[in-house]
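Colleague: Attaching a predicted model along with its sequence, questions to come.
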Amino acid sequence: MRRHYDEIRAHGAEVVAVGTGNRRYAAAFVADESIPFPVLVDDDAVAAHAASVRKVNPFALLLDPRSVRGAWHAHRTGYRIGKSGRRVNQLGATFVIGPGPRLAYEHLDRHTADHAPLDEVLAALPAAV
């Protein structure tokens, strides 16, 4: 989302990341990666549980070919994994919310290399603002 932040903002929307690390880790991540949007901490999984965000079997982190391919692709394109939070097996999710509490888009990752297609996220934005 960082690379498309200006485009998302041009739609009148804001990106908010929710991570699994603690506050100190989140602050270091924001500084090290030059993250331009707010990063919140959900180290106790309250938000993840409320949003029904899945976890992956810890063995799948090492053995699922989709995860392995995704990790190699991320590494080759310059992404680095820093210190993990307590829930290393927590999968991600992408939501477009608004106006108000209305859910305009939801993507719950199915494995570690699964992420919301940017075109789907951008298509949901006009309905949300």
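Modeller: Nice, I can see it.

Colleague: Can you report phi and psi for the closest residue in space to residue 39 that isn't next to it in sequence?
Modeller: Closest residue in space to residue 39, ignoring its immediate chain neighbours: residue 17 at 4.6 Å, by Cβ to Cβ, 6 or more residues apart in numbering. Every residue, glycine included, has its C-beta placed from N, CA and C. Note on residue 17: its backbone torsions stand at phi -100, psi 140 [degrees, to the nearest 10].

Colleague: give me the low-pLDDT residue ranges for the protein?
Modeller: The model of the chain has pLDDT under 70 over residues 60-62, 67-68, 70-71, 74-75, 79-86, 127-129.

Colleague: Which stretches in it count as helices?
Modeller: Across the chain, reading from the start of the chain, the helices by DSSP state H fall at 5-10, 23-33, 46-50, 58-63, 65-76, 118-128.

Colleague: May I see the ones you listed organised as JSON lines, with distance to residue 107 added?
Modeller: Listed next are the helices of the chain as JSON lines, based on distance: least, Cβ to Cβ, whole Å:
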{"stretch": "helix 5-10", "distance to residue 107": "15"}
{"stretch": "helix 23-33", "distance to residue 107": "22"}
{"stretch": "helix 46-50", "distance to residue 107": "14"}
{"stretch": "helix 58-63", "distance to residue 107": "19"}
{"stretch": "helix 65-76", "distance to residue 107": "15"}
{"stretch": "helix 118-128", "distance to residue 107": "7"}
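
Colleague: Pick out the residue closest to the middle of this protein.
Modeller: For the chain, residue 92 is the residue whose C-alpha lies nearest the centre (Cα atoms, centre = their mean; 5.0 Å).
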